[in-house]
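[1] dropping a prediction and its sequence here:
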Amino acid sequence: MTANRAAGQGRRRAGSSTADGAGAPDGTGGSHGSHGSHGSRGSTAVGGRAAARRGRRKSGGTKHKGLKIAGAIVLSLAVIGAAGTYYVVHSLDSNITSSDLCSGSTCNTKEKVDAFGRSPINILLIGSDARDNQADCNLGGDCGSPGARADVEMVLHVSADRSNATVMSIPRDLEATIPKCDSVKGSPTQPAHTDMINAALNWGPGCSVAAVQQLTGIHIDHFMTVDFSGVVAMSDAVGGVNICVDKNVYDPYSHLKLSAGTHTLKGVSALEFVRTRHGFGDGGDLGRTYAQHLFISNMVKKMKSAGTLTDIPAMYSLAQAATKALTVDTSLNSVFKLAGLGEELSGISMNNITFLTMQTLPDPANNARLITGPGAQSLFDSIANDQSLTEIKSKSGASPSATASPVNKADVAVKVENGTGVTGRASALSQKLIGDGFSQNTVALSGPSAATTTLTYPAGKSAEAQAVAKDLGLKSTAVKQSSVSSSIVLLIGADWTSGTTFPGGSAVPAPANTKAALTDSHAQTANESSCAQVSTFDTVSLPGYGGMTPTRAYALSPKVANSAP
C-alpha cells in the first residue's frame, strides 16, 4: 500500500512390513464516518463429523487444547454444554439468535466429504456494526443508522482430518459482487451489483455467506455474527486480553490510545483495538485485520493461562456473554450444537492454526477501496481443496517465495498398501513408482479394505505427495494430510483394481499453489508472539493540525487518557 492511499483513507474518515496380499469498524468510533462511502445501508447439519471423531479416537487423537472456533465463543460452550444442568442449557439456548445460512438463489449448501467420510468445516465469522440496541449505539456512535455492515469478515477453515486450521480475513474495503439476496426488513431485494463486500450484511448474514461463497468458491457450512457489545462482554468475561503495540498510538477515530508495550484490554478498550484502522499498518483496513488476528490469538492464550478452561463459573460467565452476542445459522441454534462443533475443533494445536489476509491491491479508480490481488485465487483454492497452509509457512513467520523447490523423486519413499482384495496390486504400483524414479525404499504392503484410493502424507510433505499423485494420475481430492503417519502412504481402493494409472486420471487438475497462497498474506500461526505495528503514515488528524502519524497524535494529546494502563 502507498502513503497516498493511507492519506486518502485518512481524509475519508479524518507402517507393517508384511508382503502384499488381499485385504477421514470502521474504526471511526463515535464519529463513525460517512456510510455512503462504505456501501449502501438498507435495512446443517454438521455432516461427516462423526466419522472425523471416530478417526481421532482410533488414532489416539491429540491432547492439545486448541482453538475452538472464533477464539473464545465455542471454547466456552463446549464445556458448558457437557456440564450444564437443564436450566443452564435452556437459559443459554434462549440467548441465541439464528437465521438461514444462505440468502438468494446463488447458494451452494452441499457439504464436501473426503474419502473417509469426513468433511472440512468452513465458518464465516462476522463482526457486525449494527446499532439495533442502545448498548451498541452507545459503543459505536452514529445511533439510528439503518442496516448493518461487516466490520470483520473471516473464513475459519478446519481441515477434514481436524489436524490444522486456517483463518482468512477478507478486508471490508474489498470491491466484490453482491448477489441478489432475499429481502429483509428495511432492505428490499436488489439485482446483483458491485459494492464493498461488507455491504452484503444489509440483507442479513445469509447474504454475506452468499457473497463470500461467490467471491472465493469456498463452501460455507456455518456463520457466526457478533456485535459491538458482544466483543466488550467477552473480553470482560476472560479478564481482559494482553496486547502489545510497537509504538505509542492514538487513533482519535476509534479513540484507542496506548503507550508502546503490552497492555491488558477489556471492555471498551478491547472494542477500540479491534475496530482501529487508522492506527495500524498503512492506516487502512489491512492493518486492522492483522491486529484482529493478534487479538483472537491472545484471547485464547489468556483463557488457557488464566485457567478458565477448568473454572466452570468463569466458563458459564463467558458462555452467557458469547450466546447473548451471537447470531448463528439455524443448524447451530442450541448450546449442544455449538458444543458439538467445539468438540470437533478441540484437538487443533495453536501451532497448526494459520492466520492470514487475502491478497489485495488498491483500486486504481478509488484509492479508498481494494480489489482482489495476485495470489488470492491460490489462497481460495487451497482452502476450498482442504490443503494445509500451516505446513508451508516458514518458521520465521515471513511469507515464503511463490517459487517451490523441485521435488527430488529419488528421495521420496512411498508405502503402498493393497486394500482392493486383488492380490499383487501393491507390488505392481510400488514397482511403477520405483521405475519412474521414486525411492528404492518404496515398499508393497497389505492394507485395510478400502472402497476408494487415498494418498496421505505427513506435515511438510505436500509437494512430495503431489509428485506421487501426478505420476499415478490421482485426483487432487484423493490427496490428504495425515496427523498420525510419518510416511507417504498410498492405500489402493476397490476403485482401482487394475492398471498403473488411476482410471480417468490422465488429466489431473493441478493442486493449488500453497506457496503462492501465502505470499503477501501476512501469515502467522496462532502461537507466534508479536506486537501490532503502529502506522508510520499520516493517517490521523487533530483539531488545529494537519495529517500526522498516530504516534505524533499520542504526543500531542497528553490530556487524553490512555485506553488501558
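    Done, it's in.
[2] switch to C-alpha atoms for all contacts and neighbour counts from now on
    Fine.
[3] elements contacting the longest helix anywhere in the chain?
    Counting residues, the longest helix in the chain under DSSP state H turns out to be helix 285-305. Helix 285-305 makes packing contacts with strand 241-245, helix 268-275, strand 353-357 when contacts are defined by 3 or more Cα pairs under 8 Å, 6 or more residues apart in numbering; DSSP states H and E.
[4] with distance to Leu125, mean neighbour count and mean pLDDT added, can I get those in JSON lines?
    Below are the helices and strands packed on helix 285-305 laid out as JSON lines (distance: least, Cα to Cα, whole Å; neighbours: other Cα atoms under 10 Å; pLDDT from 0 to 100):
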{"stretch": "strand 241-245", "distance to Leu125": "19", "mean neighbour count": "21", "mean pLDDT": "94"}
{"stretch": "helix 268-275", "distance to Leu125": "14", "mean neighbour count": "26", "mean pLDDT": "89"}
{"stretch": "strand 353-357", "distance to Leu125": "13", "mean neighbour count": "26", "mean pLDDT": "92"}
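[5] for Thr262, which of those is the nearest?
    strand 241-245 (4.0 Å; Cα to Cα).
[6] and Ile121, how many neighbours?
    27 (other Cα atoms under 10 Å).
[7] no no, Ala564
    16.
[8] okay but it is in contact with Ala270, surely?
    No. Ala564 lies out of contact with Ala270 (Cα atoms under 8 Å); the separation is 9.3 Å.
[9] list the contacts of the closest residue to Ala463 other than its chain neighbours.
    Distances taken as Cα to Cα, 6 or more residues apart in numbering put Val407 closest to Ala463, at 6.9 Å, once the chain neighbours are dropped. By Cα atoms under 8 Å, 6 or more residues apart in numbering, the contact list for Val407 reads 463-464, 467.
[10] any idea how far Val268 is from Val407?
    Using Cα to Cα, to the nearest Å, we find Val407 at a distance of 51 Å from Val268.
[11] same check, this time on Thr330
    30 Å.
[12] may I see the buried residues of stretch 343-361?
    343-360 (16 or more other Cα atoms under 10 Å).
[13] correction: stretch 407-427
    409, 412-427.
[14] for the protein, which residues score under the pLDDT cut-off?
    1-89, 108-117, 129-147, 303-312, 315, 391-406, 505-511 (pLDDT under 70).
[15] just the strands from the stretch 151-300 of the chain, written as ranges.
    With DSSP state E, counting those that start in this stretch, the ranges of strands along the stretch 151-300 of the chain come out as 165-169, 175-178, 193-196, 222-226, 241-245, 249-251, 256-258, 261-265.
[16] so which of those strands is nearest Tyr290?
    Closest approach to Tyr290 among the strands of the stretch 151-300 of the chain is made by strand 165-169 (8.7 Å; Cα to Cα).
[17] neighbours around Thr330, how many?
    By other Cα under 10 Å, neighbour count at Thr330 equals 16.
[18] if you could redo that for Val226, that was the one I meant.
    Quick note: Val226 (other Cα under 10 Å) scores 24 neighbours.
[19] so who does it touch?
    Here Val226 is in contact with 126-128, 325-327 (Cα under 8 Å, 6+ apart).
[20] Thr456 too?
    Thr456 touches 465, 479-482, 488-490, counting by Cα under 8 Å, 6+ apart.
[21] figure out the helix or strand that it lives in.
    strand 454-457 (DSSP states H and E).
[22] gap between the nearest residue to Met154 once chain neighbours are set aside and Thr264?
    Leaving out its chain neighbours, the residue that sits closest to Met154 by Cα to Cα, 6+ apart is Ser169, at 4.3 Å. According to Cα to Cα, Ser169 and Thr264 sit 24 Å apart.
[23] which stretches of the stretch 51-200 of the chain form helices?
    With helices called from DSSP state H, counting those that start in this stretch, the stretch 51-200 of the chain shows them at 73-83, 86-93, 134-140.
[24] among the buried residues of stretch 407-427, name the ones in strands.
    414-418 (DSSP state E).
[25] what about stretch 448-468, how long is it end to end?
    21 Å.
[26] thinking again about what came up before, got the strands of the stretch 151-300 of the chain as TSV, with distance to Val209 columns?
    Output for these, formatted as TSV (distance: least, Cα to Cα, whole Å):
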stretch	distance to Val209
strand 165-169	14
strand 175-178	10
strand 193-196	14
strand 222-226	7
strand 241-245	29
strand 249-251	31
strand 256-258	31
strand 261-265	30
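[27] closest one to Gly544 among those?
    Across these, closest to Gly544 is strand 249-251 (Cα to Cα), at 15.9 Å.
[28] contacts for the closest one, please.
    With Cα under 8 Å, 6+ apart as the criterion, strand 249-251 contacts 256-260, 276, 278-279, 534, 540, 550-551, 553-554.
[29] what two of the residues you listed are the furthest from one another?
    That would be Ala260 and Val540, which, of the contacts of strand 249-251, are the farthest apart (Cα to Cα) at 17.7 Å.
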